[in-house]
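**Student:** quick one, what's the 3D model for this:
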Amino acid sequence: MIYPKKLENIIEYYKKLPGIGEKSAERLALATLDMDTNTIDEFSKSLVEAKDTLRPCKICGHLTDKEKCDICSDDSRDKNIICVIEDYKSVFTFEKVGRYKGTYHVLNGLISPTEGIGYEDINLSSLMDRVEKLKNPELILALKSTIEGETTTLFIKKIFEDKHVVISRLSYGIPMGADIDYIDIVTLDKALDDRKKISE
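**Tutor:** Next up is the predicted model:
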């Protein structure tokens with residue numbers, strides 16, 4: 001063992017974060033130890049508070065510390081346009097673009113028969129409830145181009161057939177299999193502008 005056990009424990013926790021390997025975890029752990037006690041106390045308090053207070057918005061499923069997220073509470077947003085995404089991280093990506101003025105719906109997963117994930121296991125029933133209350137709704141499907149993403153896209157298209165819902169999907173330069181979270185802002189902006197209608 002190179003490091004003392006307590007430091008080793010910190011390194012192991014940092015390695016649990018996505019994209020953090022051994023060397024990065026070591027640097028982060030050592031940098032953490034260089035912080036003063038008050039900073040470490042505030043850091044740990046922030047983590048605990050975030051875990052305790054952040055929860056899904058009761059309308060769209062986005063991350064919030066209130067019952068309704070700021071986007072669903074914003075009367076200037078077009079409630080008839082709903083961008084359907086896999087998880088809340090994609091909301092932050094879209095919001096960085098700054099031009100989208102509709103709302104979102106977070107599925108919290110994709111249909112995957114091989115993993116035993118069906119339509120009832122993701123946040124689809126609340127989407128159906130939302131759409132039923134809207135006039136001239138449009139769904140923008142912003143799901144990745146994988147088998148799971150395509151299966152979910154087709155299922156959503158099927159359940160809204162004959163319900164007068166315009167369904168479009170992102171287009172223009174998004175690579176097959178790409179995660180929305182990792183697409184640059186310019187490409188995502190163009191994909192929104194050039195979305196393709198897929199409903200009848």
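
**Student:** use CA for all of it now, contacts and neighbours both
**Tutor:** Fine.

**Student:** how does this protein divide into domains?
**Tutor:** The chain breaks down into these structural domains: 5-53, 56-197 (assignment by automatic domain parsing).

**Student:** Serialize those to CSV and add fields for mean neighbour count.
**Tutor:** Formatted as CSV, the entries for those read as follows, by neighbours: other CA atoms under 10 Å:
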stretch, mean neighbour count
domain 5-53, 13
domain 56-197, 17
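
**Student:** in a markdown table: those domains, plus mean pLDDT.
**Tutor:** Below are the domains of the chain laid out as a markdown table (pLDDT from 0 to 100):
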| stretch | mean pLDDT |
| --- | --- |
| domain 5-53 | 95 |
| domain 56-197 | 87 |
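
**Student:** beyond the lengthiest strand in the chain, next helix or strand please.
**Tutor:** If you go by DSSP state E, the chain has its longest strand at strand 78-85. Next helix or strand after strand 78-85 toward the C-terminus (DSSP states H and E): helix 89-97.

**Student:** which elements pack onto that following helix?
**Tutor:** Secondary structure elements in contact with helix 89-97, counted by 3 or more CA pairs under 8 Å, 6 or more residues apart in numbering; DSSP states H and E, are helix 185-193.

**Student:** starting from the lengthiest helix in the chain, tell me the next helix or strand along the chain.
**Tutor:** When every helix of the chain is counted residue by residue (DSSP state H), the longest turns out to be helix 37-53. Read in the C-terminal direction, the helix or strand following helix 37-53 is strand 55-56, with elements assigned using DSSP H and E.

**Student:** doesn't Gly109 lie inside a helix?
**Tutor:** No: when classified by DSSP: H, G, I helix; E, B strand; the rest coil, Gly109 is found to be coil rather than part of a helix.

**Student:** residue contacts, it?
**Tutor:** 86-87, 122-123 (CA atoms under 8 Å, 6 or more residues apart in numbering).

**Student:** helices along this structure, start to end?
**Tutor:** 5-14, 22-34, 37-53, 70-73, 89-97, 125-132, 147-159, 185-193.

**Student:** possible to save these as TSV with distance to Tyr104?
**Tutor:** As requested, these are exported to TSV (distance: least, CA to CA, whole Å):
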stretch	distance to Tyr104
helix 5-14	31
helix 22-34	34
helix 37-53	21
helix 70-73	8
helix 89-97	7
helix 125-132	10
helix 147-159	15
helix 185-193	13
